[in-house]
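Asker: need coordinates for the following:
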Amino acid sequence: MAQTTEYELLKKKKKTYEIIKKIAIYVFLSVIGITMLVPFLWTLSTSLKEAGSVFSYPPKWIPKPFVFRNYIDAWNAVPFGRFFINSIIVSTTVTFGQLFTASLAAFAFARLEFPFRNKLFLAYLATMMIPGQVTMIPVFIVLKKLQWIDTYKALILPGIFTAYGTFMLRQFFLNIPKDLDESAIIDGCSYFGIYWRIILPLSKPALATLGTFVFLGTWNDFMWPLIVTNSMEMKTLPVGLASFQGMYSTEWTLLMAASVIVLAPVLIVYIFNQRFFVRGIVMTGIKG
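Answerer: All right, here's what the predicted structure looks like:
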């Protein structure tokens, strides 16, 4: 009986320790989550304030009154609609372009047998070690020679190829049994048919994950659109946001309202792809 009682006490202590450990983890993660939300909440709060109350002390998180007019003024202050259309065109085109080119390259490296395949793949991955700042000027010169500066071609074409996306999708494709390829070939399916009808439908989590990364990166890109665009009609949203910052003053309420508008499509894309997101990240790293 004494041994049974001692065992039950140890079991209860272990259970209590596990509960405390879980609570500590949840509290820690909650603190991190709140810390990450604070900048967004402050942006949202500032976007609804009057211009004179932005730097009031002590800071007020809840605006009084709520100035929804800031969003209308921010939209009309610059050609915001044009910036929005440009960002949508560039981001969606680059996203689908990268998904297509990266999936084709990944299919070749993962499913086809050809001489020097692994060496070519390593050479392709080696391009990831080259900083973007190194290739930026040569690419700009090429685009200038082609007279593509200040056009959609300059904004889109340099971004539709990706070594990272190829590596990511290749890792996922390696998990798909090759028996499916052999069965398809016996049924008379071509390699492109295998890619289009078998590999892509089975790779939705990886494609959604890569698509989310690419869309977010392109949507938030500031440096490249700033370099290759000159006219207001071709600028994207991140470059357009800089219009609210002047040399001597900044319209903080309008800038924050514009930032909230810019953030909305990003949240929509992330929420839509969230169900694929974790699964895609996990499965791309299972097999190398």
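
Asker: CA only for contacts and neighbour counts going forward, please
Answerer: Noted.

Asker: what about residue 105, neighbour count?
Answerer: 19 (other CA atoms under 10 Å).

Asker: so which residues of this structure form strands?
Answerer: Assigned by DSSP state E, the chain shows no strands.

Asker: can you give me the helices for it?
Answerer: 2-47, 69-77, 80-111, 117-126, 132-145, 152-156, 163-173, 179-186, 191-194, 200-202, 204-219, 223-228, 237-241, 252-284 (DSSP state H).

Asker: rebuild the ones you listed as a markdown table, extending it with distance to residue 53 and mean pLDDT.
Answerer: Below are those laid out as a markdown table (distance: least, CA to CA, whole Å; pLDDT from 0 to 100):
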| stretch | distance to residue 53 | mean pLDDT |
| --- | --- | --- |
| helix 2-47 | 9 | 81 |
| helix 69-77 | 13 | 86 |
| helix 80-111 | 25 | 93 |
| helix 117-126 | 51 | 90 |
| helix 132-145 | 40 | 91 |
| helix 152-156 | 39 | 94 |
| helix 163-173 | 45 | 91 |
| helix 179-186 | 64 | 86 |
| helix 191-194 | 61 | 90 |
| helix 200-202 | 53 | 90 |
| helix 204-219 | 31 | 90 |
| helix 223-228 | 32 | 92 |
| helix 237-241 | 21 | 88 |
| helix 252-284 | 10 | 76 |
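
Asker: out of these, the one nearest residue 57 is which?
Answerer: helix 2-47 (13.6 Å; CA to CA).

Asker: check which helices and strands the closest one sits against.
Answerer: In terms of contacts (3 or more CA pairs under 8 Å, 6 or more residues apart in numbering; DSSP states H and E), helix 2-47 is packed against helix 252-284.

Asker: what is the helix it packs on packed up against?
Answerer: So helix 252-284, by 3+ CA pairs under 8 Å, 6+ apart, packs with helix 2-47, helix 69-77, helix 163-173, helix 204-219, helix 237-241.

Asker: so what's the closest residue to residue 65 other than its chain neighbours up against?
Answerer: Excluding its sequence neighbours, the residue lying closest to residue 65 (CA to CA, 6 or more residues apart in numbering) is residue 49, at 7.0 Å. By CA atoms under 8 Å, 6 or more residues apart in numbering, the contact list for residue 49 reads 63-67, 253.

Asker: quick one, domains of this protein?
Answerer: 2-47, 78-284 (automatic domain parsing).

Asker: residue 59 is nearest to which of the ones you listed?
Answerer: domain 2-47 (10.0 Å).

Asker: tally of neighbours for residue 245?
Answerer: The burial count for residue 245: 14, using other CA under 10 Å.

Asker: show me the contacts for residue 200.
Answerer: Contacts of residue 200 (CA under 8 Å, 6+ apart): none.

Asker: so how far is residue 55 from it?
Answerer: Separation of residue 200 from residue 55 (CA to CA, to the nearest Å): 52 Å.

Asker: next: residue 178.
Answerer: Counting by CA to CA, the gap from residue 178 to residue 55 is 62 Å.

Asker: likewise for residue 81?
Answerer: Residue 81 sits 29 Å away from residue 55, going by CA to CA.

Asker: same check, this time on residue 268
Answerer: For residue 268, the distance to residue 55 - CA to CA - is 31 Å.

Asker: same question, residue 221
Answerer: For residue 221 relative to residue 55 (CA to CA), the value is 29 Å.

Asker: then residue 242?
Answerer: 20 Å.

Asker: before we move on, back to that, filter the contacts of residue 49 down to the buried ones.
Answerer: Buried members of the contacts of residue 49, counted by 16 or more other CA atoms under 10 Å: 63, 253.

Asker: show me which of the contacts of residue 49 is closest to residue 38.
Answerer: Distance to residue 38 across these (CA to CA) is lowest for residue 63, with 15.5 Å.

Asker: show me what contacts the closest one?
Answerer: Residue 63 neighbours (CA under 8 Å, 6+ apart): 45-46, 48-50.

Asker: tabulate these in a markdown table, adding columns for distance to residue 134.
Answerer: Shown next, in a markdown table, are those (distance: CA to CA, whole Å):
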| residue | distance to residue 134 |
| --- | --- |
| 45 | 40 |
| 46 | 38 |
| 48 | 41 |
| 49 | 43 |
| 50 | 44 |
